[in-house]
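Engineer: From the sequence below, what's the structure:
(one chain, ligands or ions: 2)
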Amino acid sequence: PAKGALLLEVDAVRKAFGGLVAVNDVSFALRAGDIFGLIGPNGAGKSTTFNLITGVLALTSGQVRFNGQRIDGLPSRTIARRGISRTFQHVKMIPEMTVLENVALGGYLRTESGAVRAMLRLDRAEERRLFAEAEAQLQRIGLADRMHELAGNLALGPQRLMEIARALCTDPALLLLDEPAAGLRLKEKEALAAVLRQLKAEGLSILLVEHDMDFVMGLVDRIVVMEFGTRLIEGTPEEVQASPAVRAAYLGT
Ligand code: ADP
Ligand code: MG
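Structural biologist: Ligands and ions are numbered 1, 2, ... in the order given. Down below sits the predicted model:
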């Protein structure tokens, strides 16, 4: 998709869990080449929105379009193949395996079949291809020098980068990151921000769920703010920071 073209359209998306409306007719649109922030307090419906976009959860109502085509109702594997990749709020890895192995087997770790069965089924050529791609993506995000370490021995910052490398292996046009900066030290946050800026410069579009306002404001082109499942405001960081409702809810002023 050309830079500036509509890439992801979230249109009046709703998700009810019984009587609880976790996402209440939320709309926003992400243009190709942008880093788009999705912010809001705990329980606002951010992760649920991610799960609706990626097909992990079925919508109660609304539409999601990617490159102009409806993707709501498609299986998550199909949505991934169309070019949307994601990380989860909690790092998913096998700590006893190396960073490289975790990245190479990412697609399989996410399926129910499990890594070991997946490895047994891989033929040599496919295995070589997965590991070459994993190494290339680790190089891309600056983690290749640690690829032979056990994933469990890495600090949280490098573990989050490892997850991003894994998400990049499917060559997505859009990367969804669920709270990648949560729990990171300042230096780790800076390293993460640098990687995200680099990926944007390479043409990738990013939808970023984040709790940390300072981290988001310096990084994103546009932001949507959610609260109690609804969209509070959508706009540039400047517009959002100037909004009285947002100031009241998040900045305490
Ligand atoms: P956020 O990511 O913004 O912290 P979530 O999307 O995880 O918020 O959750 C939004 C609301 O939906 C919360 O009240 C949460 O308890 C509820 N919720 C999330 N997932 C489920 C589920 N699978 N079943 C029932 N309620 C859920
Ligand atoms: Mg969440």
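
Engineer: State the helix or strand in which F50 lies.
Structural biologist: helix 46-53 (DSSP states H and E).

Engineer: Which SSE is immediately downstream of that helix?
Structural biologist: Assigned by DSSP H and E, the successor of helix 46-53 is strand 61-66.

Engineer: Tell me how far the closest residue in space to R222 that isn't next to it in sequence lies from G203.
Structural biologist: Spatial nearest neighbour of R222, chain neighbours left out: F36 (5.3 Å); criterion: C-beta to C-beta, 6 or more residues apart in numbering. Using the backbone N, CA and C atoms, a C-beta is placed for each residue, glycine as well. Applying C-beta to C-beta, to the nearest Å, the value for F36 to G203 is 15 Å.

Engineer: Comparing the two, which shows the higher neighbour count?
Structural biologist: Neighbour totals were compared for F36 and G203, and F36 leads with 22 against 11 (other C-beta atoms under 10 Å).

Engineer: Name the residues that touch the helix or strand in which that one is found?
Structural biologist: Per DSSP H and E: F36 is located in strand 35-39. Here strand 35-39 makes contact (C-beta atoms under 8 Å, 6 or more residues apart in numbering) with 28, 30, 46, 49, 196, 200, 205-211, 213, 216, 219-226, 237, 250.

Engineer: Against G157, how distant is F50?
Structural biologist: 21 Å.

Engineer: tell me which parts of the stretch 51-200 of the chain are close to ligand 2?
Structural biologist: Contact residues, the stretch 51-200 of the chain versus ligand 2 (C-beta under 5 Å from the ion): Q89.

Engineer: residue ranges of the helices in the stretch 51-200 of the chain, please?
Structural biologist: Secondary structure of the stretch 51-200 of the chain (DSSP state H, counting those that start in this stretch): helices located at 76-82, 99-104, 106-109, 115-121, 124-140, 156-168, 186-201.

Engineer: Quick check on the residue in the stretch 51-200 of the chain that ligand 1 sits nearest to: phi, psi?
Structural biologist: Closest to ligand 1 within the stretch 51-200 of the chain is Q89: 6.9 Å, counting by C-beta to the nearest ligand atom. For Q89, the backbone dihedrals (degrees, to the nearest 10) come out as phi -60, psi -30.

Engineer: Against E188, how distant is it?
Structural biologist: Q89 is 17 Å from E188, by C-beta to C-beta.

Engineer: try M147
Structural biologist: For M147, the distance to E188 (C-beta to C-beta) stands at 18 Å.

Engineer: quick one, which of those two is more surrounded?
Structural biologist: M147 (21 against 18).

Engineer: Please name the residues that touch the nearest residue to the more buried one once chain neighbours are set aside.
Structural biologist: Distances taken as C-beta to C-beta, 6+ apart put L100 closest to M147, at 4.0 Å, once the chain neighbours are dropped. L100 is in contact with F131, A134, E135, L138, M147, H148, counting by C-beta under 8 Å, 6+ apart.

Engineer: What pLDDT is listed against the residue nearest to N67 when sequence neighbours are not counted?
Structural biologist: Take N67 and drop its neighbours on the chain: the residue closest to it by C-beta to C-beta, 6+ apart is P1, 5.8 Å away. The model reports P1 with a pLDDT of 77.

Engineer: I figured P1 hits D34, correct?
Structural biologist: No - the criterion here is C-beta atoms under 8 Å, and P1 misses it with D34 at 11.3 Å.

Engineer: Listing request: residues of this protein with sub-threshold pLDDT.
Structural biologist: Within the chain, the stretches with pLDDT under 70 are 107-122, 250-253.

Engineer: what residues go with each domain of it?
Structural biologist: 1-83+173-253, 94-171 (automatic domain parsing).

Engineer: ok now do the closest residue to T78 other than its chain neighbours, which residues does it touch?
Structural biologist: With sequence-adjacent residues excluded and distances taken as C-beta to C-beta, 6+ apart, T78 is closest to G55, at 7.4 Å. Listed by C-beta under 8 Å, 6+ apart, the contact partners of G55 are I71, D72, G73, L74, P75, S76, T78, I79.

Engineer: If anything else comes up later, I'll come back, but that's it for now.
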